[in-house]
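Chemist: Next come a sequence and a model predicted from it.
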Amino acid sequence: MTPPSIELSRHERFHLTVRGEETDRPPIWIMRQAGRYMPEYRAIRAQHGFLDFCLKPEVAAAATLLPMELLDIDLFIIFNDILIPLQAMGLEVEFPEGGPKILRPVRSRDDLERFRTATFSNPVVAESIRLVAERSRKAAPILGFCGAPFTLATYAVEGKMSKDQGEIRRLMAEDPALLHELLDRLAETAANYLIAQVADGGADGVQVFESWGSILPMPHLYEEFGARYQQRVIARFKAACPGVPVILYVRGSAGKIAAMESTGADILGLDQYTDMGEARRLTNRCLQGNLDPIFMTVPEATEAAVERMLEGFDWRRGWIANLGHGITPNGSVEAVKTYVRCIQQLAGRK
């Protein structure tokens, strides 16, 4: 067991934490840690369209590296978008300022015929990961990621950001067999995409984003349309990339801890509506989360919010500090720095 008084490298801290061993302090990274709340990011964005950030490794690497330079975080997550693999599956995806759009959504069996499973050989995202590793001199672990099958299906079926997600909910009720066929193809593609990020890019870990898990509030719905396909992605990934940690983040994680654990994920990422203490009582898996992103907009309230988050929760081992969802564009750099500092100051604290 590693004595907590020894200062660890970021790689050591991450891997010991995943295994539930004692470390000097919890590692911290933040969803959307490179984004529009940063003046430096906005300066890069002014010179490039959004797709440049996903499809040009130089631009993706520049954005990915910002949080290390400005915040002193413990992990990188490669700058990319969860919808990029849908293009390889045959969908036309656009990224206007108002949010992504699928030009011809998948809503019928005829639509499904043009929606194919995709494989990846040295995709652009892998080159971006390699470039970040080179430029950072491997200073911190780099996470690759993908959307979970149900989240990708939600975008593919809805066609755009939707307030009520009526089309995917209708499909669940009206033609679940068609949705299962769609999810089968998405699970295979998502696994292929994650594998390429490790095999071709050298990613140190991956995160699976179930960003629309809140559409599956009932346990039986989450198990049928969410966890079942998350498990397939994770099993295929682990068979190809043994020993590489997998984070499963679920928005709407309350009441889903046991099902999330059943997927085989090494780390369970929780949203801000899930009590960390209760989650710890339900699982021994490494946890990640889950400060409310609103406190990234209110710097004077951030420190007290961190203390409340830690109440009744043993943070000393098996915990990666993060948010319950991504930083919003109106976030405060000062608040984010305060959060990082609060976690760093846990070193040596009893």
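Modeler: Arrived safely.

Chemist: Now the helix or strand where Ala133 lies: buried residues?
Modeler: According to DSSP states H and E, Ala133 maps onto helix 124-136. Neighbour counts over helix 124-136 (16 or more other CB atoms under 10 Å) mark 124-133, 136 as buried. Every residue, glycine included, has its C-beta placed from N, CA and C.

Chemist: Quick check: which ranges of the protein have low pLDDT?
Modeler: Applying pLDDT under 70 to the chain picks out residues 1-6, 350.

Chemist: Just give me the neighbour total for the closest residue in space to Val18 that isn't next to it in sequence.
Modeler: Take Val18 and drop its neighbours on the chain: the residue closest to it by CB to CB, 6 or more residues apart in numbering is Pro245, 4.7 Å away. Residues near Pro245, counting by other CB atoms under 10 Å, number 22.

Chemist: from here on, count from 22
Modeler: Sounds good: first residue 22 from here, last item Pro266.

Chemist: Pro266 touches Thr38, doesn't it?
Modeler: No. Checked against CB atoms under 8 Å, the pair Pro266 and Thr38 is beyond contact range at 9.4 Å.

Chemist: Surely Ala342 is in contact with Gln366?
Modeler: No. With contact defined as CB under 8 Å, Ala342 does not count as touching Gln366 (11.6 Å).

Chemist: So between those two, which is more surrounded?
Modeler: Counted by other CB under 10 Å, Ala342 and Gln366 do not tie: Ala342 has more neighbours, with 28 against 12.

Chemist: now the helix or strand containing Leu199, how far from the centre of its chain.
Modeler: Taking DSSP H and E as the definition, Leu199 sits inside helix 197-220. Remark: helix 197-220 is offset 16 Å from the chain centroid, using CA atoms, centre = their mean, to the nearest Å.

Chemist: list the buried ones in that helix?
Modeler: Residues of helix 197-220 classed as buried: 199-200, 203-204, 206-220 (neighbour count, 16+ other CB under 10 Å).

Chemist: Checking Gly264 next. Helix, strand or coil?
Modeler: Here Gly264 takes the coil state, with states given by DSSP: H, G, I helix; E, B strand; the rest coil.

Chemist: For it, grab the count of nearby residues.
Modeler: 7.

Chemist: cool, and Glu33?
Modeler: Applying other CB under 10 Å, we find 17 residues neighbouring Glu33.

Chemist: Arg302 now?
Modeler: Around Arg302 there are 12 residues (other CB under 10 Å).

Chemist: Check the one 10 residues further on too.
Modeler: Look at Leu312: counted by other CB under 10 Å, it has 24 neighbours.

Chemist: and if you look at Glu118?
Modeler: Applying other CB under 10 Å, I find that Glu118 has 5 neighbouring residues.
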